[in-house]
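Engineer: Here you go, sequence then predicted model.
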Amino acid sequence: MSGIETTDSGTTQNMTEPMNQTPTTVDPDLRAMMRDVLGGDMTERLSQAITGVKLDKTLWRQLSDLGLTSLTAPEAEGGSGASWLEAAALLGESAAAARHLPLAETDLLAGWLLRTAGLPVEDPTVPRTVALLDEGGAADSVPWLQDAERVVVVAPSGHDFSVVELGDTELRSITETAPAPTNSGQQRAHLRLIGPLPAGTAVPAAIVEQLRLRGALARAAQCVGAIDRAVDLCIEHTSVRVQFGRPLARFQAVQQLVADAAAQAALARAAVDAAVLAAAATDLAGGAAPGRVAVARSCVGHAASVVVRNAHQVHGAIGTTQEHPLQLFTLPVLDWRSEFGTTRSFDRRLGELLRRDPTALWDVVLGRGGAA
């Protein structure tokens with residue numbers, strides 16, 4: 001036996017290492033519970049790209065009762081004390097079920113930032129989001145700004161940043177907002193300060209960079225969940241759709257489209273799984289974190305182009321209709337892949353890394369430290 005075992009999620013672990021190592025898989029029962037709660041008929045969600053996504057408060061309360069909206073918050077503070085592994089699984093399952101909720105914003109971003117800044121998190125299950133202001137006091141495409149009950153505002157302050165949490169009423173009194181259009185109907189809004197921001201707590205720039213990395217990895221986890229579901233729909237469609245007397249899956253050109261999409265989805269999944277494993281071990285605080293997240297986001301961004309294009313080619317005209325569920329997965333991917341950094345920006349980061357050290361990415365391939 002080689003000592004290396006492949007897990008159900010596609011990641012690998014060394015079976016000869018001590019048993020107290022960082023877990024590399026998510027409990028199957030927990031994942032099954034996530035699927036059961038998030039699944040169901042998608043009919044009522046088929047029009048959300050047009051009508052807009054609204055926060056499902058009933059589902060949010062159900063998830064809160066199960067401890068899923070504050071999954072990584074410490075148990076002592078009302079959370080579940082889980083890791084990045086469980087959080088990424090939840091994000092992937094919600095994307096695969098076309099359930100759009102501020103899970104990443106509430107738990108992985110706002111809640112984490114408040115705790116890191118030493119600020120109290122009175123109720124970790126309250127829907128939250130984060131607004132990263134620029135030097136001019138503006139933030140573009142803030143997710144879930146309309147439905148978030150609390151907003152954590154991050155503003156530049158000299159060489160550092162200031163963090164302050166505001167309630168909905170207080171935020172409206174000092175800002176103006178405008179809806180930001182999205183492909184999938186998900187909530188985004190532009191925000192601009194029109195009044196003085198209350199005094200906040202200072203945090204170093206490194207914490208804000210870590211926040212951006214957390215957001216980037218969260219979006220990558222959502223992307224792979226949706227990409228995998230789109231590939232599943234391709235396989236299902238080409239197996240049952242008959243043209244010229246035989247299933248579409250029997251045509252070589254169609255086989256190639258589906259195979260390319262599946263290969264890109266597998267590559268993206270592997271890259272994201274590797275970054276999530278590293279995040280579970282280091283919380284993205286180590287020097288290797290930017291490189292690992294950049295690899296994941298680069299792979300996801302390029303995979304998204306292939307999967308979205310091929311999936312719609314395979315489905316033909318029906319895949320572009322509101323009545324077909326394919327758009328519930330391809331359109332969100334087109335939104336997510338440009339948030340917390342674009343594919344081009346992560347490609348450039350990898351290019352800069354290679355210019356500094358041509359061997360650095362080899363450490364990522366081998367699962368070692370490096371790729372700073």
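Structural biologist: Done, it's in.
Engineer: Can you classify Leu68 as helix, strand or coil?
Structural biologist: coil (DSSP: H, G, I helix; E, B strand; the rest coil).
Engineer: And Arg192, by the same measure?
Structural biologist: Following three-state DSSP, we place Arg192 in the strand state.
Engineer: Can you show me the helices along the chain?
Structural biologist: Using DSSP state H, the helices of the chain run over 28-38, 48-51, 57-65, 84-96, 103, 112-116, 168-174, 205-240, 252-282, 289-315, 327-336, 343-356, 360-366.
Engineer: Any idea which of the ones you listed gets closest to Thr72?
Structural biologist: Ranking these by their distance to Thr72 (criterion: CB to CB) puts helix 84-96 first, at 5.4 Å. In this view, the C-beta of every residue, glycine as well, is placed from N, C-alpha and C.
Engineer: picking up where we left off before, mean pLDDT and distance to Thr125 for the helices of the chain - can I get that in JSON lines?
Structural biologist: Conversion of those to JSON lines gives the following (pLDDT from 0 to 100; distance: least, CB to CB, whole Å):
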{"stretch": "helix 28-38", "mean pLDDT": "96", "distance to Thr125": "15"}
{"stretch": "helix 48-51", "mean pLDDT": "91", "distance to Thr125": "24"}
{"stretch": "helix 57-65", "mean pLDDT": "97", "distance to Thr125": "4"}
{"stretch": "helix 84-96", "mean pLDDT": "98", "distance to Thr125": "14"}
{"stretch": "helix 103", "mean pLDDT": "98", "distance to Thr125": "11"}
{"stretch": "helix 112-116", "mean pLDDT": "98", "distance to Thr125": "13"}
{"stretch": "helix 168-174", "mean pLDDT": "94", "distance to Thr125": "16"}
{"stretch": "helix 205-240", "mean pLDDT": "97", "distance to Thr125": "18"}
{"stretch": "helix 252-282", "mean pLDDT": "96", "distance to Thr125": "22"}
{"stretch": "helix 289-315", "mean pLDDT": "96", "distance to Thr125": "27"}
{"stretch": "helix 327-336", "mean pLDDT": "97", "distance to Thr125": "23"}
{"stretch": "helix 343-356", "mean pLDDT": "93", "distance to Thr125": "32"}
{"stretch": "helix 360-366", "mean pLDDT": "73", "distance to Thr125": "36"}
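Engineer: So which of the ones you listed is nearest Glu135?
Structural biologist: Across the helices of the chain, closest to Glu135 is helix 205-240 (CB to CB), at 13.3 Å.
Engineer: Output the contacting helices and strands for that closest one.
Structural biologist: The contact analysis (3 or more CB pairs under 8 Å, 6 or more residues apart in numbering; DSSP states H and E) places helix 205-240 against helix 84-96, helix 112-116, strand 128-132, strand 160-167, strand 246-247, helix 252-282, helix 289-315, helix 327-336.
Engineer: Reformat the ones you listed as JSON lines; add mean neighbour count and distance to Gln210.
Structural biologist: Compiled in JSON lines, the helices and strands packed on helix 205-240 are given as follows (neighbours: other CB atoms under 10 Å; distance: least, CB to CB, whole Å):
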{"stretch": "helix 84-96", "mean neighbour count": "25", "distance to Gln210": "13"}
{"stretch": "helix 112-116", "mean neighbour count": "20", "distance to Gln210": "8"}
{"stretch": "strand 128-132", "mean neighbour count": "24", "distance to Gln210": "12"}
{"stretch": "strand 160-167", "mean neighbour count": "19", "distance to Gln210": "12"}
{"stretch": "strand 246-247", "mean neighbour count": "12", "distance to Gln210": "49"}
{"stretch": "helix 252-282", "mean neighbour count": "20", "distance to Gln210": "10"}
{"stretch": "helix 289-315", "mean neighbour count": "23", "distance to Gln210": "8"}
{"stretch": "helix 327-336", "mean neighbour count": "24", "distance to Gln210": "20"}
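Engineer: Before I go, just wanted to say thanks for your time.
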